[in-house]
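Visitor: Coordinates for the following, if possible.
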Amino acid sequence: MIGELARSSQSKIAEVLASGLTAFSVATDGSNDTESKLYRVVIRYHDPTTGRVDFSLLAVSNLTKDSTGENIADLIVETMASHKIPWKNCIAFSSDNASVITGRFKGCITYLKKLQPSVAFVGCPCHLIHIGPDKAARMLPLSVEDLLIDLYHYLDKSSKRIQTLREFQELCNIETRKILRHVCTRWLSVGICLKRVLD
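Guide: Sure thing, here's the model as predicted:
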C-alpha cells in the first residue's frame, strides 16, 4: 500500500517535471545513521494542474560510496535521470551548509552547477539561524552547553539532590519538573533544556 502511494506520487512529479515546462528546486540532506547513508531528494515545483507550488519527496536513495560532494551530486543526478527529469529547469538547490555541499571546488553544488550553471544554492535556514546565537554564546564567560550538561549530571544519579530540587520548586510554588538532558549532537535541545532551567 505505502509502496504504491510512493510510486503514484513519484510518477505525478515526474510527469509534471519531465514535460520541461515548469521550474523546480531540489533539496537534500543525508541521514546521520552510521549503518547507511540515506539522502532524501525533495522537489519543490509549480504544478500547472492545480496552480499551486507543491513539494514532495521524490526518493530516498542510499549512497554506497564515500560522502563526497561529487558522489552526493552523482546520486542526485542519477535519481533525477531515473525519473526522466531534465536539469535545465532546476532553479535552486538547498541543503545544509556543510563544506561537502557548499565547497567551492569539490562541494556538491559545484558539480550540480556544471549541469545547470544558473542554479542558486540556498542554505538551510535552520542551520543559518543557529549559527548566529551559537557564535554569540561563545562570547559568554561560560559555556551554556557545558552548564546544561554539568547541571543534568549533578542531579542525575543523586536522589538527595533531586529531592532538594523538588522542595525548592514547591517552595517557589512552581510545577515540579526534572532537569532535561542536553545532547550536544542535537543542537535543538539547547533551547529546550535552557528554557527548563530558567523556568
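Visitor: Break the chain down into its structural domains.
Guide: Domains of the chain are assigned by automatic domain parsing as 2-124, 140-198.
Visitor: quick one, strands of this structure?
Guide: Using DSSP state E, the strands of the chain run over residues 24-30, 38-47, 52-62, 90-95, 120-123.
Visitor: And those: which comes nearest residue 71?
Guide: strand 38-47 (9.9 Å; C-beta to C-beta). Glycine gets a C-beta too; all of them are placed from N, C-alpha and C.
Visitor: Dump the strands of the chain into TSV; add distance to residue 176 as well.
Guide: Shown next, in TSV, are the strands of the chain (distance: least, C-beta to C-beta, whole Å):
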stretch	distance to residue 176
strand 24-30	38
strand 38-47	40
strand 52-62	42
strand 90-95	42
strand 120-123	41
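Visitor: can you redo these as a markdown table with distance to residue 106, mean neighbour count and mean pLDDT?
Guide: Formatted as a markdown table, those follow (distance: least, C-beta to C-beta, whole Å; neighbours: other C-beta atoms under 10 Å; pLDDT from 0 to 100):
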| stretch | distance to residue 106 | mean neighbour count | mean pLDDT |
| --- | --- | --- | --- |
| strand 24-30 | 16 | 21 | 90 |
| strand 38-47 | 17 | 18 | 89 |
| strand 52-62 | 20 | 15 | 86 |
| strand 90-95 | 15 | 20 | 92 |
| strand 120-123 | 14 | 15 | 89 |
